[in-house]
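In: for reference, the sequence and a predicted model appear below.
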Amino acid sequence: EPALVCGHNSDGYDIPEVLRRALSLDLPDCWLWSTTPRPVSVRERVFQSAASGSLKVTDVEFCGGLTSFDWLKYLKKLYNIKLPRYNLNSVAAHFLGKDQTKADMYYKDLPIFFYQGPEARKLEALYCMQDVDLLWKISNARKPFHQMHALSVSSGISWQDMINKGQMHQSTLLLLPIENEAGYAELWRKKSKEASFQGATVIPPNRGLYKSPVVTLDFASLYPSIMSAYNVCFTTVVSKPAHNLAPQTRNLVGKVARLGGESPREWFGRVYRVAVSGEKARACLATILDSLDEDGVPQKVVVPPVASHDILHFIIRREHKAGLLPTIVEGLMAARKKTKAAMKKAEGLEKLVLNSKQLAQKLNQNSIYGSASLKWRVVGLLITFFGRQLIKFTTEKVQELGTGWDARVVYGDTDSVFVKLSAELLISRPSPGALRPTKAEVVAEARRAGLWLESKLNSQYVSELGLNGIQLECEAVLMPAMLTAKKRYVAQMYEV
């Protein structure tokens with residue numbers, strides 16, 4: 001009994017065509033695929049996502065455990081690969097090489113070959129066999145079924161739903177049992193209709209050719225790490241309008257006398273982090289906190305005026321209440337770390353399966369940000385807000401710490417910065433007549449400088465920002481490098 005029907009554009013053409021022929025010949029379609037009845041449904045719809053855009057897709061669903069795996073849909077929707085064309089020859093050339101293609105045949109010529117007699121039908125049969133052979137080779141090369149199985153197990157979702165439905169559905173089913181166990185009811189809410197929020201920071205590239213080394217510093221899983229480090233969750237965030245802050249602050253602080261003799265401001269800083277929407281809101285909050293007496297009662301003060309749309313977001317610190325989303329993310333990150341440790345000891349098929357598992361865990365932990373942002377706008381707003389702060393802090397510190405190498409950030413995007421270092425300052429020669437340093441020596445020194453910056457910055461995230469879990473990594477040295485536009489650069493790369 002088959003468990004999988006695999007093809008290229010099989011959902012869009014082959015299976016619907018077989019069903020059409022079965023209908024015209026008055027054959028029961030549920031017996032076409034196996035010796036047990038397996039009814040099948042075909043549905044056309046428009047699939048939309050931020051990653052893939054708008055795609056017109058055909059969903060094929062079998063009953064009885066049979067799964068339809070369409071390589072074309074997988075590449076466009078799940079793998080999200082960009083190719084000039086998506087016919088089987090183009091896909092085979094991309095994954096297997098240009099020598100692994102077939103003699104193509106236009107689909108409108110197939111009926112002509114069929115009716116031309118046995119010799120022409122042999123050519124048609126050979127064409128179909130080449131289709132199957134190429135699909136088998138591509139599947140062996142890319143091994144998508146291991147990844148699909150790992151995603152299915154980690155998310156608790158069937159293969160067919162994994163293929164036909166979006167990331168939102170997958171993430172919701174991942175969160176649902178944990179939310180229910182914690183006593184929260186999932187409302188299956190639709191995408192928030194509130195106004196969009198500001199996204200990540202992009203530092204425009206300083207266009208040009210760089211002959212000196214450029215070090216790339218990249219945050220490991222930035223958004224999940226922010227969610228964990230800042231305890232950002234719909235269960236821990238309290239958002240208040242700044243213009244109505246005095247009574248709200250009194251309610252939040254309450255009676256301070258019973259809190260061990262702390263001042264209201266000390267207590268407030270220990271319990272809450274504050275994110276600001278509006279320039280004057282933080283000054284307003286500081287003025288009100290300074291005006292509270294030891295019992296938490298506001299005295300008469302002049303509060304700075306703020307706009308009605310200025311919002312302060314109070315985030316309860318982790319030691320007082322752990323958020324649900326950070327707890328889930330940390331569990332996934334710990335599980336992935338454990339899987340990657342097991343990978344180092346594994347070989348062959350076991351290593352391949354473990355690699356698929358850790359990639360599925362990475363995809364799940366990263367998808368929680370997107371799904372949570374659609375359901376709870378404030379979660380996405382705060383994560384990108386703190387992400388912009390981290391990129392700004394990192395840029396300033398890199399140029400401060402790397403003064404001796406004339407370190408300058410020449411490009412930054414979301415979770416990474418490109419740092420240009422002076423080759424002359426990396427390696428100093430004792431005399432003017434000494435030989436110039438070789439490229440290998442410069443790259444080695446740049447690598448050491450990048451690792452030093454990584455260590456210093458990671459310690460400063462803890463000492464200056466009070467953040468545990470934010471990890472910056474020196475990934476590579478680029479030399480030479482040419483930056484042309486956002487996400488457009490070419491370089492010779494040396495991994496760290």
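Out: Now that the structure is in, tell me what you want to look at.
In: use CA for all of it now, contacts and neighbours both
Out: OK.
In: under the pLDDT cut-off, which ranges of the stretch 351-496 of the chain? List them.
Out: Applying pLDDT under 70 to the stretch 351-496 of the chain picks out residues 428-435.
In: the stretch 201-350 of the chain too?
Out: 201, 242-268, 276-310.
In: now do 50
Out: 255-259, 301 (pLDDT under 50).
In: list the buried residues of stretch 451-458.
Out: Applying a neighbour-count criterion of 16 or more other CA atoms under 10 Å, one finds 451, 453, 454, 457, 458 buried in stretch 451-458.
In: turn these into TSV, columns for secondary structure and distance to residue 139.
Out: Formatted as TSV, the buried residues of stretch 451-458 follow (DSSP: H, G, I helix; E, B strand; the rest coil; distance: CA to CA, whole Å):
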residue	secondary structure	distance to residue 139
451	helix	39
453	helix	42
454	helix	39
457	helix	42
458	helix	41
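In: closest one of the residues you listed to residue 368?
Out: Of all the buried residues of stretch 451-458, residue 458 has the smallest distance to residue 368: 24.3 Å, by CA to CA.
In: tell me who's in contact with the closest one.
Out: 470, 471, 472 (CA atoms under 8 Å, 6 or more residues apart in numbering).
In: circling back: could you dump the buried residues of stretch 451-458 to CSV with distance to residue 2?
Out: Output for the buried residues of stretch 451-458, formatted as CSV (distance: CA to CA, whole Å):
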residue, distance to residue 2
451, 52
453, 55
454, 51
457, 54
458, 52
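In: strands of this protein, start to end?
Out: Here the chain has its strands, by DSSP state E, at 4-7, 40-49, 53-62, 67-70, 202-203, 208-210, 214-219, 237-241, 272-277, 311-316, 408-413, 416-420, 472-485, 488-495.
In: any idea which of those strands gets closest to residue 386?
Out: Closest among the strands of the chain, using CA to CA: strand 272-277, at 8.3 Å.
In: the nearest residue to residue 167 once chain neighbours are set aside: neighbouring residues, count only.
Out: Nearest non-adjacent residue to residue 167, counting by CA to CA, 6 or more residues apart in numbering: residue 367, 7.2 Å away. Neighbour count for residue 367, taken as other CA atoms under 10 Å: 18.
In: residue 367 against residue 171, yeah?
Out: Yes - under the criterion of CA atoms under 8 Å, residue 367 makes contact with residue 171 at 6.7 Å.
In: mind putting the strands of the chain into a markdown table with distance to residue 99 and mean neighbour count?
Out: Output for the strands of the chain, formatted as a markdown table (distance: least, CA to CA, whole Å; neighbours: other CA atoms under 10 Å):
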| stretch | distance to residue 99 | mean neighbour count |
| --- | --- | --- |
| strand 4-7 | 21 | 16 |
| strand 40-49 | 34 | 13 |
| strand 53-62 | 30 | 16 |
| strand 67-70 | 23 | 21 |
| strand 202-203 | 40 | 18 |
| strand 208-210 | 35 | 15 |
| strand 214-219 | 36 | 25 |
| strand 237-241 | 57 | 17 |
| strand 272-277 | 56 | 17 |
| strand 311-316 | 57 | 22 |
| strand 408-413 | 37 | 20 |
| strand 416-420 | 37 | 25 |
| strand 472-485 | 32 | 20 |
| strand 488-495 | 27 | 13 |
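In: now tabulate those in TSV and tack on distance to residue 132.
Out: Shown next, in TSV, are the strands of the chain (distance: least, CA to CA, whole Å):
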stretch	distance to residue 132
strand 4-7	8
strand 40-49	22
strand 53-62	20
strand 67-70	13
strand 202-203	45
strand 208-210	46
strand 214-219	41
strand 237-241	54
strand 272-277	56
strand 311-316	55
strand 408-413	42
strand 416-420	42
strand 472-485	40
strand 488-495	37
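In: quick one, what contacts residue 442?
Out: 213, 423, 426, 427.
In: what do you get for residue 225?
Out: Contacts of residue 225 by CA under 8 Å, 6+ apart are 469, 470.
In: let me know the outermost residue of the protein.
Out: When each C-alpha in the chain is compared with the mean C-alpha position (CA atoms, centre = their mean), residue 117 comes out farthest, at 53.7 Å.
In: that residue and residue 155, how far apart?
Out: 51 Å (CA to CA, to the nearest Å).
In: who's in contact with the residue nearest in space to the middle of the chain?
Out: Centroid-nearest residue in the chain, with CA atoms, centre = their mean: residue 366, separated by 4.2 Å. Listed by CA under 8 Å, 6+ apart, the contact partners of residue 366 are 221, 223, 224.
In: may I see those arranged in CSV, with neighbour count and distance to residue 39 as well?
Out: Output for the contacts of residue 366, formatted as CSV (neighbours: other CA atoms under 10 Å; distance: CA to CA, whole Å):
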residue, neighbour count, distance to residue 39
221, 16, 43
223, 24, 43
224, 26, 41
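In: which of those lies closest to residue 90?
Out: Nearest to residue 90 among these, with distances taken as CA to CA, is residue 221, at 32.6 Å.
In: so where do the helices sit in the stretch 351-496 of the chain?
Out: Counting by DSSP state H, counting those that start in this stretch, the segments of the stretch 351-496 of the chain that form helices are 377-401, 423-426, 439-463.
In: buried residues, the first one. List them.
Out: Neighbour-count burial for helix 377-401, with 16+ other CA under 10 Å as criterion, is recorded at 377-388, 390-391, 394-395, 397-399.
In: follow-up on the earlier one: turn the helices of the stretch 351-496 of the chain into TSV, including distance to residue 492.
Out: Below are those laid out as TSV (distance: least, CA to CA, whole Å):
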stretch	distance to residue 492
helix 377-401	23
helix 423-426	16
helix 439-463	11
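In: of those helices, which is nearest residue 494?
Out: Nearest of the helices of the stretch 351-496 of the chain to residue 494, taken as CA to CA: helix 439-463 at 7.7 Å.
In: just how off-centre is the closest one within its chain?
Out: 25 Å (CA atoms, centre = their mean, to the nearest Å).
In: check stretch 138-153 too.
Out: 19 Å.
In: pull the CA atoms of stretch 92-107 into PDB?
Out: What follows is stretch 92-107, C-alpha atoms only, in PDB (Å, rounded to 0.1, in the frame of the first residue of the first chain):
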ATOM      1  CA  ALA A  92      16.800  19.200 -11.800                       C
ATOM      2  CA  ALA A  93      19.500  21.500 -13.200                       C
ATOM      3  CA  HIS A  94      19.500  23.600  -9.900                       C
ATOM      4  CA  PHE A  95      19.700  20.600  -7.600                       C
ATOM      5  CA  LEU A  96      21.600  18.000  -9.600                       C
ATOM      6  CA  GLY A  97      23.500  19.900 -12.200                       C
ATOM      7  CA  LYS A  98      22.900  20.800 -15.800                       C
ATOM      8  CA  ASP A  99      23.900  17.400 -17.100                       C
ATOM      9  CA  GLN A 100      21.000  15.800 -15.100                       C
ATOM     10  CA  THR A 101      18.100  16.900 -17.200                       C
ATOM     11  CA  LYS A 102      15.800  15.200 -19.800                       C
ATOM     12  CA  ALA A 103      14.700  15.700 -23.400                       C
ATOM     13  CA  ASP A 104      11.600  17.900 -22.800                       C
ATOM     14  CA  MET A 105       8.300  17.300 -24.500                       C
ATOM     15  CA  TYR A 106       5.600  19.900 -24.800                       C
ATOM     16  CA  TYR A 107       2.400  18.800 -23.000                       C
END
